[in-house]
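**Q** Just to be clear, the model below is a prediction. Sequence and coordinates:
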Amino acid sequence: MAKLDESKKVIVEGDFLSEGYLILRSFFDAKEIAYIYDSLRKNEASTINKIKNLIDIGQFNKSDVGIESDSFKYLKHANVWFNDISKLINLRLMTEVAKLIGDQNYISSLELHQKFPGVSGTPPHQDNFYFGLDLEKNLSCTAYIALNEQTENQGGLGFYSGSHLKLFNHHKSKVIGFSSGINQEDLKDFDLYTPKFLPGDVVLHHCNIVHEAKANNSLSARSNIAIRILPSNPQYDNELKSKYLDFLSQSSRVS
């Protein structure tokens, strides 16, 4: 298991209930994170080729991947392809999640989220538009783990503080790897906060907080792992779920 970095104090920022996110600085050991990051860089090209071949013969679910400029922008179940990612499933991490949303949950997937130089941005969105949960009955959380140092200029993740308390209308998106987004005009009453991250930093964010990432205008990639924690016995909003599936069927996955 990936371990807590005992050499550094874990600094906590944000408030999950009022702001929709909680940042745990230096949560994972930076050297261990660097090992996972280096393994990704070493094996990414060959893994992309394998997945493209599987897509061509109809043996891979295209909605589980987003490939742009010969790099992964999104990969669901990334730990199947990069085994070391599974080491991030940590009892301390799940304990922190349980403090926020209770302990009747399970890990749905471990996803790779990346932006290489020149890769397009991610539109503002709420994850629960994809999950389709009835938020009056249950909710979920994502543990978003930085694998390298990253800033807004690299396409770092930004949050609209307090936006998790409101349900926004989503529209269809043509952005590679993303089926939907929210109009900027609808977010005018909320401030965007884009934190700087170091390897091993973790964000626990509410499933309904609006978040986005600009295009990567730097010379450096940014890579993150998103661990999705969902309720063990989910209660769904069927109308929301149906709308998302319609959007998903028309989304672009590979450029």
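**A** Received, thanks.
**Q** Show me the shaky parts of this structure.
**A** The chain contains residues with pLDDT under 70 at 1-8, 177-178, 250-255.
**Q** Identify the residues contacting the most centrally placed residue in the chain.
**A** Residue closest to the average C-alpha location in the chain (CA atoms, centre = their mean): residue 226, at 4.1 Å. The contact partners of residue 226, taken as CB atoms under 8 Å, 6 or more residues apart in numbering, are 110-113, 142-145. In this view, the C-beta of every residue, glycine as well, is placed from N, C-alpha and C.
**Q** Out of those, list just those in strands.
**A** Those of those mapping onto strands are 110-113, 142-145, per DSSP state E.
**Q** Could you dump those into JSON lines and include distance to residue 240 and neighbour count?
**A** As requested, the ones in strands among the contacts of residue 226 are exported to JSON lines (distance: CB to CB, whole Å; neighbours: other CB atoms under 10 Å):
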{"residue": "110", "distance to residue 240": "24", "neighbour count": "22"}
{"residue": "111", "distance to residue 240": "20", "neighbour count": "21"}
{"residue": "112", "distance to residue 240": "26", "neighbour count": "25"}
{"residue": "113", "distance to residue 240": "22", "neighbour count": "23"}
{"residue": "142", "distance to residue 240": "18", "neighbour count": "23"}
{"residue": "143", "distance to residue 240": "23", "neighbour count": "25"}
{"residue": "144", "distance to residue 240": "22", "neighbour count": "21"}
{"residue": "145", "distance to residue 240": "27", "neighbour count": "28"}
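**Q** Now the residue nearest to the centre of the chain: which helix or strand?
**A** strand 222-231 (DSSP states H and E).
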